[in-house]
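In: Got a predicted structure here, sequence first:
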Amino acid sequence: MRIPFPRISLFFVILLFVCILPVRPTHAADIKYKRSIEKYNIPDVVLINQDGKKVRLQSLLNSDIPVIVDFIYGTCTTICPVLSAGYVNLQRKLDADNQKVRLISITIDPENDSPKVMKEYLKRYRAKPGWDFLTGSRADIDTVMRAFNAYIPDKMSHYPLNMIRMPKNGNWVRLFGLMSTKEFLNEYQMATAK
Amino acid sequence: MNRVLSFIICIAIICVSLLRSDVYGQQEADSMETLKHGERLYRDGLLPSGKPLIGIIKGDLPAPGNSFTCISCHMRSGLGSVEGSVLTTPTNGRSLYAPRSNPPTLRPGMSTMGASGKGAPSPQPPPARPAYTDESLAAALRGGVDPSGRAWDPVMPRYKLQDDEMAILISYLKSLSSEFSPGVDATTLRFATVITDDLNPDRYQDHLNLLDDFIRRTNERTNHIENEIRNPRVKRQLMVSGRVAYRKLSLSRWLLKGAPETWRSQLEEYYRKEPVFAIIGGISGTAWKPVHDFCESNRLPCLYPQTDFPVISETDWYTLYPSKGYYQEGETAARFLNRGDDFPDCGKVLMITRESQVGKMLSNGFRDTWRAIGRTEPLTVRIAEKETLSPEHLALLIKKEKPDAVVIWDNAALPEAINALSAPDFEPPRKIIVSSGYLSQEFMKQNDNIRDIIYITYPERLPADEKLHEAYFFGTQPKGLKNGDSISKSTKLTYPLIKVMEQSLREMKENFYRDYLLDIISMGKDLDVPLYERMSFGPGQRYASKGCYIVQLGKGSHPELIKRSDWVIH
């Protein structure tokens, strides 16, 4: 069957249009971190926060407000200070409204990170309410790292990772690498868009 | 006339000399002041004004100096760090003011920061650049571009420093790790180990044999390199890999005699005769504080000393202990009572403690932790060193005070006193905590009917678990041991030290700076060892094993130990 000329033209115009469209309408070339969407099963473990209080991780993370998780430790160099500067600046940008985001840092050095160490860490960064630092038994911390596909046997194998939970569907945006405030805020806004 | 002239000239010379010495003195004082401000800027992130230094990372992320200092990444020595996929380059003057050539492994397109989604890619060394000058370094610290025109990694903060602040920082960087530390010369890297004369040689012989063996093996490898290096091709390869920076190792034995108060002068004398790069290992049965203080004053690393009486400090830098010793058991008891899921309303605590060195360490650990948790002070009863805690005395104290829990830091006579509490007409407390370290094997002597309320601090792996890890760590037959010989605790503590030394010396290469040695150890991998669940330092951490179990005895005449807590309790 012969296809009429106008319909062929339309097909090629659409094809050309599709070809010249960018894959993602963002400045992909500027982004130095890696982004993916993941589903995680949060383990039912009880951890300890900076006030020495027990917290059930599932209850803390399965929330109607956006949650961001990272893995750090109290005496860490290089990676954690940048991740934590990102957290504190995000809190500032969101006007410290702790209903807009819940920031969770989970230690990867549970033997050293007692509530006292974690509290001092948060104080050093002038963290506002809404940012919790959690420790626990080595077994529970390993379970949590595995659940987030972030297991490392040793804190010195640490790598920069943030995960934002999208309240609309419970999926997580996994962000590997260190981000600027603008990039972090942008990721937060995309993840929380309704 | 001549005499008058001579007098005037003399006076003039004296005046000029005094003036000059005053000027030099002033210059020296200024220079010291500059370095002091520079150190504060580098280590604490504080400007001379006392305000925090602000750096901008990733283009728009402000990081205040007190949370993100130079030392956070470049470390105390200034020789940089590696954490996961992030490599931080040296920032001491010696490195900055020398050109850097391309590393042999660097290929086009590689960067210092990997970005795969899973796991940490290996960090890649940075490419070549010319030597910095004061001007180009100041420009780079402000704008983040090195003299070759290459932009620094955006994770490195850019600083808005005033000219005078910049001069202070640059002056400090020039002084940082500029000369090798004492204890090294062109051929030899010198170490010492410390033994105190209160010990029976059986206690330290294994330790010394293992250290001697480590030195001998390392020197044999060095001899091998010396022979190989005569071949120009091998020499080129060794230079590229950095392994040409070998030194022979030496180990001196510093025997301290008499009372601990006299050790400081003995140490000073040993050190005057032979300055060493570090103290490795060492054993004392009585105290370690004089050695600790000596090392702190001389900025001398002291690695893995075997003592039950470490100095507990959050700020001292130079001694890295295997654990907090008895203090750790006291800490654990306090955390256990505070946390106890089956015992949530622990109110009144009675602490009975012997006025011995061990008793004081245990009770200090308990009290410091109990206070830090925010609990009210435990009621404390002290027993004189020569006094015996009789069953009647213990029962009377419990009857009178009616505590919820009793913590007893005592040794040999304790089981008899505790067993008496199981009398049918006596109402014992809900929990009694004792120390396995202080009681040694005596803690096993508990009546069946009192075991339910006795909790024991146990700062090592449980025996069966320890045996499993011995086989894994030492192999089926450790060197120098015959079949059936047991491995001494000293040996179990010496092996991790040797592992750490082997690794650290390899990584230290030609950088013979004491602070760098400590930086390297703090960045080392965790060790899985027979004695403890995990030995691990991190930047600024000074006690490698941080755990202690709480156990109870099972039933019967050969009771098993039953874990009642995790290795670390928070």
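Out: That came through, no problem. Numbering: from 1, shown residues only, chains lettered A, B, ... in the order given.
In: Grab the most central residue of chain B for me.
Out: B:Leu320 (2.5 Å; Cα atoms, centre = their mean).
In: Is that one located within a strand, as I assumed?
Out: Yes - under DSSP: H, G, I helix; E, B strand; the rest coil, B:Leu320 sits within a strand.
In: Look up which residues are beta-bridged to the closest residue to it other than its chain neighbours.
Out: In space, and not counting its chain neighbours, B:Leu320 is closest to B:Leu303: 5.3 Å by Cβ to Cβ, 6 or more residues apart in numbering or on different chains. The way it works is simple: take the backbone N, C-alpha and C, and place the C-beta from them, glycine included. In this structure, B:Leu303 bridges to B:Ile280, B:Leu320 when assessed by DSSP bridges.
In: Could you verify my assumption that B:Leu303 touches B:Ile280?
Out: Yes - contact criterion Cβ atoms under 8 Å: B:Leu303 and B:Ile280 qualify, at 5.1 Å.
In: Between these two, which contacts overlap?
Out: The contact sets of B:Leu303 and B:Ile280 overlap at B:Leu497, B:Met501 (Cβ atoms under 8 Å, 6 or more residues apart in numbering or on different chains).
In: Run through the residues that contact B:Gly437.
Out: B:Asp308, B:Tyr326, B:Glu329, B:Val358, B:Thr457, B:Pro459.
In: Among these, which are located in helices?
Out: Residues of the contacts of B:Gly437 located in helices (DSSP state H): B:Tyr326, B:Glu329, B:Val358.
In: State whether the first one and B:Thr457 are indeed in contact, as I suppose.
Out: No - taking Cβ under 8 Å as the definition, B:Tyr326 is not a contact partner of B:Thr457, at 9.2 Å.
In: who's more crowded, those two?
Out: B:Thr457 (30 against 26; other Cβ atoms under 10 Å in any protein chain shown).
In: and the helix or strand hosting B:Ile550, anywhere near chain A?
Out: Using DSSP states H and E, B:Ile550 sits within strand B:549-553. No - between strand B:549-553 and chain A, judged by Cβ under 8 Å from any Cβ of the partner chain, nothing touches; the nearest distance is 12.0 Å.
In: Checking A:Val88 next. Helix, strand or coil?
Out: helix.
In: ok, now how distant is B:Met156 from chain A?
Out: 10 Å (Cβ to the nearest Cβ, to the nearest Å).
In: my read is that residue is in a strand, agree?
Out: No - B:Met156: not assigned to a strand; according to three-state DSSP it is coil.
In: and it, how many residues sit next to it?
Out: Around B:Met156 there are 20 residues (other Cβ under 10 Å).
In: Quick check: chain neighbours aside, which residue is closest to it?
Out: B:Gly144 (6.6 Å).
In: Provide a list of residues in contact with the one you found.
Out: B:Ala151, B:Trp152, B:Pro154, B:Met156, B:Arg158.
In: low pLDDT regions in the stretch 51-200 of chain B?
Out: B:84-85, B:103-123 (pLDDT under 70).
In: can you rerun that using 90?
Out: Applying pLDDT under 90 to the stretch 51-200 of chain B picks out residues B:54-55, B:57-69, B:72-73, B:80-88, B:101-127, B:152-156, B:160, B:186-187.
In: just the helices in it please.
Out: Here the stretch 51-200 of chain B has its helices, by DSSP state H, counting those that start in this stretch, at B:70-74, B:93-96, B:134-143, B:163-175.
In: Would you agree B:Glu466 falls within a helix?
Out: Yes - per three-state DSSP, B:Glu466 lies within a helix segment.
In: Show the backbone phi and psi for the residue lying closest to it once chain neighbours are set aside.
Out: The spatially closest residue to B:Glu466, leaving aside those adjacent along the chain, is B:Pro530, at 5.2 Å (Cβ to Cβ, 6+ apart). Phi and psi for B:Pro530, reported as degrees, to the nearest 10, are phi -60, psi -40.
In: quick one on the thing from earlier: my read: the residue nearest to the centre of chain B touches B:Met535, true?
Out: No - at 10.3 Å, B:Leu320 and B:Met535 do not qualify as touching, with contact defined as Cβ under 8 Å.
In: So for the two, which residues contact both of them?
Out: Common neighbours of B:Leu320 and B:Met535, counting by Cβ under 8 Å, 6+ apart, are B:Ala544.
In: circling back to that earlier point, residues contacting the residue nearest to B:Glu466?
Out: B:Pro530 touches B:Arg461, B:Glu466, B:His469, B:Glu470, B:Tyr472, B:Phe473, B:Phe474, B:Ile487, B:Lys492, counting by Cβ under 8 Å, 6+ apart.
In: again, only this time at 10 Å
Out: The neighbours of B:Pro530, taking Cβ atoms under 10 Å, 6 or more residues apart in numbering or on different chains as the test, are B:460-461, B:465-474, B:487, B:489, B:491-493, B:495-496.
In: Please apply the same query to B:Phe512.
Out: B:Phe512 neighbours (Cβ under 10 Å, 6+ apart): B:Ser177, B:Glu179, B:Phe180, B:Ser181, B:Pro182, B:Gly183, B:Val184, B:Asp185, B:Leu189, B:Ala245, B:Arg247, B:Phe277.
In: Quick check on these: which are buried?
Out: B:Ser177, B:Ser181, B:Pro182, B:Gly183, B:Val184, B:Leu189, B:Arg247, B:Phe277 (16 or more other Cβ atoms under 10 Å in any protein chain shown).
In: could those go into JSON lines alongside distance to chain A?
Out: Converted to JSON lines, the buried ones among the contacts of B:Phe512 look like this (distance: Cβ to the nearest Cβ, whole Å):
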{"residue": "B:Ser177", "distance to chain A": "17"}
{"residue": "B:Ser181", "distance to chain A": "22"}
{"residue": "B:Pro182", "distance to chain A": "27"}
{"residue": "B:Gly183", "distance to chain A": "26"}
{"residue": "B:Val184", "distance to chain A": "26"}
{"residue": "B:Leu189", "distance to chain A": "25"}
{"residue": "B:Arg247", "distance to chain A": "26"}
{"residue": "B:Phe277", "distance to chain A": "24"}
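In: Now go through those residues and say which are in strands.
Out: Judged by DSSP state E, these include B:Leu189 as members of strands.
In: Including distance to B:Ser81, could the buried ones among the contacts of B:Phe512 go into TSV?
Out: Converted to TSV, those look like this (distance: Cβ to Cβ, whole Å):
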residue	distance to B:Ser81
B:Ser177	14
B:Ser181	19
B:Pro182	24
B:Gly183	23
B:Val184	22
B:Leu189	22
B:Arg247	23
B:Phe277	21
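In: And the buried ones among the contacts of B:Phe512, which two are furthest apart?
Out: B:Ser177 and B:Arg247 (17.0 Å; Cβ to Cβ).
In: who are the neighbours in contact with B:Phe443?
Out: Counted by Cβ under 10 Å, 6+ apart, B:Phe443 has contacts B:411, B:414-415, B:418, B:434-437, B:454, B:456-458, B:551, B:553, B:561.
In: same thing but at 6 Å, please
Out: B:Ser436, B:Ile456 (Cβ atoms under 6 Å, 6 or more residues apart in numbering or on different chains).
In: quick revisit: and chain A, which of the helices of the stretch 51-200 of chain B is closest to it?
Out: Nearest to chain A among the helices of the stretch 51-200 of chain B is helix B:70-74 (4.7 Å), distances taken as Cβ to the nearest Cβ.
In: related to what we said a few turns ago, could I have the buried ones of the contacts of B:Gly144 as PyMOL selection syntax?
Out: With 16+ other Cβ under 10 Å as the burial test, the buried ones among the contacts of B:Gly144 are selected in PyMOL as follows:
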select buried, chain B and resi 152+154+156+158
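In: Please produce a markdown table containing the contacts of B:Gly144, extended by distance to A:Gln50.
Out: Shown next, in a markdown table, are the contacts of B:Gly144 (distance: Cβ to Cβ, whole Å):
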| residue | distance to A:Gln50 |
| --- | --- |
| B:Ala151 | 37 |
| B:Trp152 | 33 |
| B:Pro154 | 30 |
| B:Met156 | 29 |
| B:Arg158 | 31 |
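In: following the lowest-mean-pLDDT helix or strand in chain A, which helix or strand comes up?
Out: When the helices and strands of chain A are compared on mean pLDDT, DSSP states H and E, helix A:5-20 comes out lowest with a mean of 47. With elements assigned by DSSP H and E, the helix or strand that comes after helix A:5-20 is strand A:34-38.
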